[in-house]
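**Q** sequence plus predicted model, see below.
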Amino acid sequence: MAIKKIRYSVLLFLFLYTTSYGQRYAIMGALDQEINLLVENLQKKEKSQKGGIDFFTGELVGVPVVICKVGVGKVNAAYSTAVLTQNFDLKGLIFTGVAGGLHPEALPGDMVIGEAVLQYDLGRIDSSGHFTVWPFRKITGGNFTDLAIPADKYLLELAQKAANKVVFKAVAGRKPMVFTGIIGTSDLFVSNTEKARWIFTEFGAIATEMEGAAVGHVCRSIGLPFIVLRSCSDNANNQAQLNFSQFVGPAASNSSQLVLGMLQEIRK
Ligand code: ADE
């Protein structure tokens, strides 16, 4: 009888530990500007280093989180996601940052909630220069059938709910709009009007960035719920580089505000 009681207590402790105390939400960004506001707001902050990456643990609006900067590009993002997920007990992952808006109405400051992410620079280029995109390959062999990786439904609902409540910073004198749709990822900073139009028409992506699908691929491989949130810093057109430097600050801040809004919904 006593042994049974001990066994139940151990099981109860493990259950509580893994379901509430141990688990956190991971919040990632590629650049300092994309995580700074969140790290500054972190309560009970602790810093640790694993695999060359700085991890900040603590609480944001009362929710346990771990925040990290993953670096720019798909390779850095995939590596960082692997290190993160091997070292922390996570409930889900939220990627926050900026992107180039591709939808004609998605202007600097606007939010894009990624209902799915896709990678558009993996594929074959033939002798005539024709490029065929391939879906992600499975590590174990074979390939996925769909190009896009869907975001977690619960996190998507939370993001949309939070987006209706958050007061976003006006950018260039305009109140930001909120879009939900596909986010395209490649290892390119797109600063080319023709290429931007191609990504929009070919894949239906409403924003382009450099990490989301890599993070999504790792999360899908291990069954971790994820979502990518982006605010437009530019329109991936010929002026993108200039617009990026003008708007990266306010756009990154709008995306961080949406993360805080989501965590507020989670705490309820
Ligand atoms: N992140 C912000 N703007 C971008 C762009 N134009 N291309 C790729 N990533 C971006």
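**A** Here it is on my side, so go on.
**Q** strands of this structure, residue ranges please.
**A** With strands called from DSSP state E, the chain shows them at 24-29, 43-50, 53-60, 63-69, 90-101, 111-119, 123-125, 131-133, 148-150, 178-185, 205-209, 226-234.
**Q** can you lay out these as a markdown table showing mean neighbour count, mean pLDDT and distance to Ser255?
**A** C-beta coordinates here come from the backbone N, C-alpha and C atoms, glycine included. Compiled in a markdown table, those are given as follows (neighbours: other C-beta atoms under 10 Å; pLDDT from 0 to 100; distance: least, C-beta to C-beta, whole Å):
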| stretch | mean neighbour count | mean pLDDT | distance to Ser255 |
| --- | --- | --- | --- |
| strand 24-29 | 24 | 98 | 8 |
| strand 43-50 | 11 | 97 | 20 |
| strand 53-60 | 18 | 98 | 14 |
| strand 63-69 | 22 | 98 | 13 |
| strand 90-101 | 27 | 98 | 5 |
| strand 111-119 | 26 | 98 | 7 |
| strand 123-125 | 10 | 96 | 29 |
| strand 131-133 | 12 | 96 | 27 |
| strand 148-150 | 20 | 98 | 19 |
| strand 178-185 | 23 | 98 | 11 |
| strand 205-209 | 29 | 98 | 11 |
| strand 226-234 | 30 | 98 | 4 |
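**Q** OK, contacts around the closest residue to Tyr154 other than its chain neighbours?
**A** Take Tyr154 and drop its neighbours on the chain: the residue closest to it by C-beta to C-beta, 6 or more residues apart in numbering is Pro225, 6.7 Å away. If a contact means C-beta atoms under 8 Å, 6 or more residues apart in numbering, then Pro225 has 91-93, 152, 154-155, 219 as its contacts.
**Q** rerun at 6 Å
**A** Contacts here follow C-beta atoms under 6 Å, 6 or more residues apart in numbering; on that basis Pro225 touches 92, 152, 155.
**Q** ok, now Ile27?
**A** 38, 65, 67, 94, 259.
**Q** and if we set it to 10 Å?
**A** For Ile27, the contacting residues are 34-35, 38-39, 42, 56, 60, 63, 65-68, 92-96, 229, 256, 259-260, 262-263, taking C-beta atoms under 10 Å, 6 or more residues apart in numbering as the criterion.
**Q** gap between it and Asn243?
**A** 25 Å (C-beta to C-beta, to the nearest Å).
**Q** repeat that for Ala196.
**A** Computed as C-beta to C-beta, the Ala196 to Asn243 distance reads 12 Å.
**Q** now do the shared contacts for these two.
**A** Counting by C-beta under 10 Å, 6+ apart, the contacts common to Ala196 and Asn243 are 100-101, 234-237.
**Q** and the ligand, which of those contact it?
**A** Checked against the ligand using C-beta under 6 Å from any ligand atom, these give the following subset in range: 100, 234, 236.
**Q** now the second one: closest residue in space that isn't a chain neighbour?
**A** The one in question is Asp234. Asn243 (3.6 Å).
**Q** for the protein, which residues are neighbours of the ligand?
**A** Residues of the chain lying near the ligand by C-beta under 6 Å from any ligand atom: 98-100, 189-191, 208-210, 233-234, 236, 240, 244.
**Q** burial count for Gly173?
**A** Neighbour count for Gly173, taken as other C-beta atoms under 10 Å: 6.
**Q** I should have written Asn237 there, sorry.
**A** For Asn237, the neighbour count with other C-beta under 10 Å is 18.
**Q** repeat for Ile35
**A** By other C-beta under 10 Å, the residues close to Ile35 number 25.
**Q** what sits against the closest residue to it other than its chain neighbours?
**A** Take Ile35 and drop its neighbours on the chain: the residue closest to it by C-beta to C-beta, 6+ apart is Gly29, 4.1 Å away. Contacts of Gly29 were listed using C-beta under 10 Å, 6+ apart, and they are 35-39, 67-71, 94-98, 211, 229, 252, 255-256, 259.
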